[in-house]
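**Student:** predicted model follows, preceded by the sequence.
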Amino acid sequence: NAGVIQTPRHKVTGKGQEATLWCEPISGHSAVFWYRQTIVQGLEFLTYFRNQAPIDDSGMPKERFSAQMPNQSHSTLKIQSTQPQDSAVYLCASSRDWGNTGQLYFGEGSKLTVL
Amino acid sequence: AQSVTQPDARVTVSEGASLQLRCKYSYFGTPYLFWYVQYPRQGLQLLLKYYPGDPVVQGVNGFEAEFSKSNSSFHLRKASVHWSDWAVYFCAVSSQGGRALIFGTGTTVSVSP
């Protein structure tokens, strides 16, 4: 049973370039979450989808960050005009029954480095 | 607003000794509480979860946690620590209805021989 798959595992971009991160949730899971992890800020919630619909994007920086879930098998997080402060590990998680008895299953993350 | 406080950034414990990691939550309503662990160079893994019911919950690898509404706490315990428990431990809170999971800042546990 494959877990949450995130690609790429590592990405290096230059300042001002665009970065797209991909997440494949566990099959059958209806909820998908994105988090950002840094040493300074810890684990920050970014956004969450349920049945592909955006539910809560309160953690997303209003400019430059966007997330989509075009189908039940993948979600993307896009960062335009990347800045050094965007350097972080971006974590994707999915859940079958979030809000009842479900738990989040996390991928291993995509480490973004902005030079 | 909901929040989680883990007051200890780092804890060092001797192998075989007991461990307690503290977690305080702030939440309006009925919280769902979780402990996750992040081993070196690995992703986050669930240790245990609490839904309204028995305040003491058992998790994997001998971990347990106790929910206290009066103290707004959800402390994690283990009776005898093993070297493989060296990791970062995160407490987190959510709710019925599926609000996003909010994490504390984590506690790094180091195990000495």
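**Tutor:** Thanks, I have it.
**Student:** where does chain B dip in pLDDT?
**Tutor:** Within chain B, the stretches with pLDDT under 70 are B:96-97.
**Student:** would you map the strands across it?
**Tutor:** Here chain B has its strands, by DSSP state E, at B:3-5, B:10-14, B:19-21, B:24-26, B:31-38, B:44-50, B:56-58, B:63-68, B:73-78, B:87-95, B:102-103, B:107-112.
**Student:** I'd like the ones you listed laid out as a markdown table, including distance to chain A and mean neighbour count.
**Tutor:** Every C-beta, even on glycine, is put in place using the N, C-alpha and C of the backbone. Below are those laid out as a markdown table (distance: least, Cβ to the nearest Cβ, whole Å; neighbours: other Cβ atoms under 10 Å in any protein chain shown):
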| stretch | distance to chain A | mean neighbour count |
| --- | --- | --- |
| strand B:3-5 | 10 | 16 |
| strand B:10-14 | 13 | 13 |
| strand B:19-21 | 15 | 19 |
| strand B:24-26 | 15 | 17 |
| strand B:31-38 | 7 | 24 |
| strand B:44-50 | 4 | 19 |
| strand B:56-58 | 12 | 14 |
| strand B:63-68 | 14 | 18 |
| strand B:73-78 | 15 | 20 |
| strand B:87-95 | 7 | 23 |
| strand B:102-103 | 4 | 22 |
| strand B:107-112 | 11 | 16 |
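**Student:** mind checking which of these is nearest A:Ser27?
**Tutor:** Among those, strand B:44-50 comes nearest to A:Ser27, with 18.7 Å by Cβ to Cβ.
**Student:** tell me the bridge partners for residue 24.
**Tutor:** Just so you know, I chose chain A. Counting by DSSP bridges, A:Glu24 is bridged to A:Ile5.
**Student:** my question was about chain B, not that one.
**Tutor:** Under the criterion used (DSSP bridges), B:Lys24 bridges to B:Thr5, B:Ser73.
**Student:** quick one: it and B:Thr5 touch, right?
**Tutor:** Yes. Counting by Cβ atoms under 8 Å, B:Thr5 is a contact partner of B:Lys24 at 4.6 Å.
**Student:** now do the contacts for the residue nearest the centre of chain B.
**Tutor:** Nearest to the geometric centre of chain B sits B:Trp35, at 3.5 Å (Cα atoms, centre = their mean). Counting by Cβ atoms under 8 Å, 6 or more residues apart in numbering or on different chains, B:Trp35 makes contact with B:21, B:23, B:46-49, B:59, B:63, B:65, B:74, B:76, B:89-92.
**Student:** next one: phi and psi at A:Asp86?
**Tutor:** Note on A:Asp86: backbone dihedrals following degrees, to the nearest 10 are phi -80, psi -10.
**Student:** do I have it right that A:Gln103 meets B:Gln45?
**Tutor:** No. Using Cβ under 8 Å, A:Gln103 makes no contact with B:Gln45, being 10.1 Å away.
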